[in-house]
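Colleague: My questions concern the predicted model and sequence given below.
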Amino acid sequence: AISIIMVNKQLMSSEGYGFKFATTLSGLHFLFTSLTAKFTTWLIGSDSTDKNPGHLPLFDAVLFAFCADISIVGMNMSLMLNTVGFYQISKLSTIPVICCIDYLWLYKHFNYKTLISICVVLVGVAVSTVSDVAVNTAGTLVAVLAVLSTAMQQFLIGHLQKKHNIGANDLIGTTAPIQAASMLLLGPFIDQLVGGQYPW
């Protein structure tokens, strides 16, 4: 994962290749993911542990794709606007946000050791953010949006798999085409809005 982040940073940074089309790039990533998931399902079948796996209804697939699209675009824009260090720290703050969603939505309680661990992560995020001299308002706002949407996406992964009795590959196989289509259709316009030019 770190190598993908470094490659994307090299592609998108002005010191690298200056490829400013993060949303379009994400759409291409999900197009490849869609094809890979379909091929894997064709090759080995469903990855559900049940002999009669369920299916993901369109509404839930679109909801998941919406959260995932915002997460991916937000993370890519955060990587474009922030240092790699700030980006990594903001990703770490996703963990406590997921715990908050679990607590508020599922009334899940955490033991003392988990809470201490979360506090250590939060202190580390605070110290790192304060000491990172390249923090900027736009980058911070994008990072907050990215963290919130990523946490919701992570929550939905487990929730939808349990609710509909599907495996991870089934979830990806259903949602990745929706994500690819939405990002490839809207991506060039979002990229133009952010970067001032279309990818073509």
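Modeller: Yep, it's here.
Colleague: what's near enough to touch S78?
Modeller: Contacts of S78 were listed using Cβ atoms under 8 Å, 6 or more residues apart in numbering, and they are 86-87, 90, 139, 142-143, 146. The way it works is simple: take the backbone N, C-alpha and C, and place the C-beta from them, glycine included.
Colleague: From the residues you listed, which land in helices?
Modeller: 86-87, 90, 139, 142-143, 146 (DSSP state H).
Colleague: Same list, those, but as JSON lines with distance to Q161 please.
Modeller: Putting the ones in helices among the contacts of S78 into JSON lines (distance: Cβ to Cβ, whole Å) gives the following:
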{"residue": "F86", "distance to Q161": "32"}
{"residue": "Y87", "distance to Q161": "28"}
{"residue": "S90", "distance to Q161": "26"}
{"residue": "G139", "distance to Q161": "33"}
{"residue": "V142", "distance to Q161": "29"}
{"residue": "A143", "distance to Q161": "27"}
{"residue": "A146", "distance to Q161": "23"}
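Colleague: hmm, back to that, how about CSV for the contacts of S78, with neighbour count and pLDDT added?
Modeller: As requested, those are exported to CSV (neighbours: other Cβ atoms under 10 Å; pLDDT from 0 to 100):
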residue, neighbour count, pLDDT
F86, 23, 83
Y87, 20, 85
S90, 25, 85
G139, 20, 90
V142, 23, 93
A143, 25, 93
A146, 25, 95
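Colleague: pretty sure S71 contacts V142?
Modeller: No: checked against Cβ atoms under 8 Å, the pair S71 and V142 is beyond contact range at 11.6 Å.
Colleague: Name the residues contacting each of these two.
Modeller: In contact with both S71 and V142: no residue, using Cβ under 8 Å, 6+ apart.
Colleague: can you pull the buried residues of the lowest-mean-pLDDT helix or strand in the chain?
Modeller: Ranked by mean pLDDT, DSSP states H and E, the helix or strand of the chain with the weakest confidence is helix 2-12, at a mean of 77. Of the residues in helix 2-12, those with enough neighbours to count as buried (16 or more other Cβ atoms under 10 Å) are 5, 8-9, 11-12.
Colleague: Could you list the low-confidence segments of this protein?
Modeller: Scanning the chain for pLDDT under 70 picks out the ranges 1, 46-53, 129-134.
Colleague: What spatial separation is found between the nearest residue to V73 once chain neighbours are set aside and L186?
Modeller: For V73, ignoring the flanking residues on the chain, the nearest one in space by Cβ to Cβ, 6 or more residues apart in numbering is T23 at 5.2 Å. Counting by Cβ to Cβ, to the nearest Å, the gap from T23 to L186 is 7 Å.
Colleague: Look at those two and report which has more neighbours.
Modeller: A side-by-side neighbour count of T23 and L186, using other Cβ atoms under 10 Å, places T23 first with 26 against 15.
Colleague: which ones are touching F64?
Modeller: 56, 153, 156-157, 160, 171, 175.
Colleague: Name the member of these with the most neighbours.
Modeller: T175 (29 neighbours).
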